[in-house]
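> need coordinates for the following:
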Amino acid sequence: MEPRVLNLTTAVLYAISSLHYLLYLISKKEKLATVGLYSSRFGFLTNLFAVILLVAKSGGEGLFTPKGALLVFSLTLVSVFLYFSTKHRLTLSGAFIMPWATIFSLIAALSSGKPSQEFPVGIIGVIHIASAFLGYSSFMFSALLSLIYLISEKHLKKKRFSVFFFKLPSLTKLETIIYSSITLGFIFITVSMFVGAVWSERLFGSYWSWHPKQVATLISWFTYAGILHLYLYGNWKGKRLCYLSILGFSIIMLNFLGVNLLSKRDIHSFKG
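The predicted model follows:
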């Protein structure tokens, strides 16, 4: 299958999944959620094949392009969604997650996958970017769940038993899942930082160079370390955790958009 066809197939499958999850959000038909789930699973497979094909063709350099970055972002986001939604029966979260996966995969299908410069990537480079995006996706998932938590909590206070009340676990359970997602993301970006330091040493002869991307990632790491510390030892739970989760992800997005997509052409710039 041609790479472009594979990319568009992924976007279509994710779009079908998004539509059915959104319909499920406003109805009580479980079959809609089932179609959404299987569409997301098939989309995950085509997304995975698209990433593998891109790596095979470019030797990993293609991951450092708009196409590669967004393909990996959509893949890891759906991975995190499928893991938590299956483990905790968070079917409703598909209505909030899958539209983003659709957008990322569609932009990826229309973007360039040709790297602007050649550099050795290897297995270390692939692990670095994969773990980084798994971290980003976990943080995005926690932020969207935090938004769901805040909406649900507001409805419960007003004694409005909306669709969230009937299709979500308790707020206590939701808070636990948000914390677990943040913890998972923190583990992944920690791995990404250490692997990135090793990769940097091999490429440039130093583990740390004060590159804007390195500094931004370090700020993100300390932000989430602080969030976890406040949750565990400062009793910042419930709505406080949700606000911190949304704030943390906002910093991650500034990191990603400001450094990876808008910076000058270098190894950390996703420009084709």
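
> all contacts plus neighbour counts: C-alpha atoms, from now on.
Noted.

> how much space is there between the residue of the chain most remote from its centre and residue 219?
Ranked by distance from the centre of the chain (C-alpha atoms, centre = their mean), the top residue is residue 159, with 32.8 Å. According to C-alpha to C-alpha, to the nearest Å, residue 159 stands 40 Å off from residue 219.

> could you do residue 89 as well?
Residue 89 sits at a distance of 33 Å from residue 219 (criterion: C-alpha to C-alpha).

> over to residue 97?
Residue 97 sits 25 Å away from residue 219, taking C-alpha to C-alpha as the criterion.

> who's more crowded, the two?
Each of residue 97 and residue 219 has its neighbours counted (other C-alpha atoms under 10 Å); residue 97 has more, 22 against 15.

> which positions in the helix or strand residue 124 falls within come out as buried?
Using DSSP states H and E, residue 124 sits in helix 122-157. Using 16 or more other C-alpha atoms under 10 Å as the test for burial, helix 122-157 gives 124-150, 152-153, 155.

> just how off-centre is that helix within its chain?
What separates the centre of helix 122-157 from the centre of its chain is 5 Å, taken as C-alpha atoms, centre = their mean, to the nearest Å.

> stretch 104-115 now?
From the chain centre to the centre of stretch 104-115 is a distance of 16 Å (C-alpha atoms, centre = their mean).

> any idea of the mean pLDDT in it?
Stretch 104-115 comes out with an average pLDDT of 83.

> repeat for stretch 244-252
Across stretch 244-252, the average pLDDT comes to 94.

> what does that stretch contact?
136, 139-140, 142-144, 146-147, 182, 217, 220, 223-224, 227 (C-alpha atoms under 8 Å, 6 or more residues apart in numbering).

> among these, find the lowest-pLDDT one for me.
Lowest pLDDT within the contacts of stretch 244-252 is found at residue 217 (85).

> for it, give me its contacts.
Taking C-alpha under 8 Å, 6+ apart as the contact definition, residue 217 lies against 193, 252, 255.

> run the last query once more with 10 Å
Going by C-alpha atoms under 10 Å, 6 or more residues apart in numbering, residue 217 touches 132, 189, 190, 192, 193, 211, 223, 251, 252, 255, 256, 259.

> could I get the full set of helices for the stretch 51-200 of the chain?
Remark: helices assigned in the stretch 51-200 of the chain by DSSP state H, counting those that start in this stretch are 66-88, 94-110, 122-157, 163-167, 171-204.

> would you mark the buried spots in the first one?
This means helix 66-88. Across helix 66-88, burial judged by 16+ other C-alpha under 10 Å covers 66-82, 84-85.

> how close does residue 198 get to residue 207?
Taken as C-alpha to C-alpha, the span from residue 198 to residue 207 is 6 Å.

> what residue ranges in the stretch 51-200 of the chain score low on pLDDT?
Counting by pLDDT under 70, the stretch 51-200 of the chain has low-confidence residues at 113-120, 160-166.

> picking that back up, compare the helices of the stretch 51-200 of the chain and give me the one nearest residue 18.
The closest of the helices of the stretch 51-200 of the chain to residue 18 is helix 94-110. By C-alpha to C-alpha, the value is 5.0 Å.

> distance from the closest one to the middle of the chain?
11 Å.

> check stretch 78-89 too.
Centre to centre, stretch against its chain (C-alpha atoms, centre = their mean), the figure for stretch 78-89 is 12 Å.

> can you start the count at 70 instead of 1 from here on
Got it, the first residue is 70 from now on, which makes the last one we talked about stretch 147-158.

> returning to what we had before: just put the helices of the stretch 120-269 of the chain in a markdown table and tack on distance to residue 76.
Below are these laid out as a markdown table (distance: least, C-alpha to C-alpha, whole Å):
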| stretch | distance to residue 76 |
| --- | --- |
| helix 135-157 | 8 |
| helix 163-179 | 5 |
| helix 191-226 | 18 |
| helix 232-236 | 32 |
| helix 240-273 | 26 |
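
> what's the closest non-adjacent residue to the spatially most central residue of the chain?
Taking C-alpha atoms, centre = their mean, the centroid of the chain lies closest to residue 206, which sits 1.8 Å from it. Counting by C-alpha to C-alpha, 6 or more residues apart in numbering, residue 146 is the residue found nearest to residue 206 once chain neighbours are left out, at 4.7 Å.
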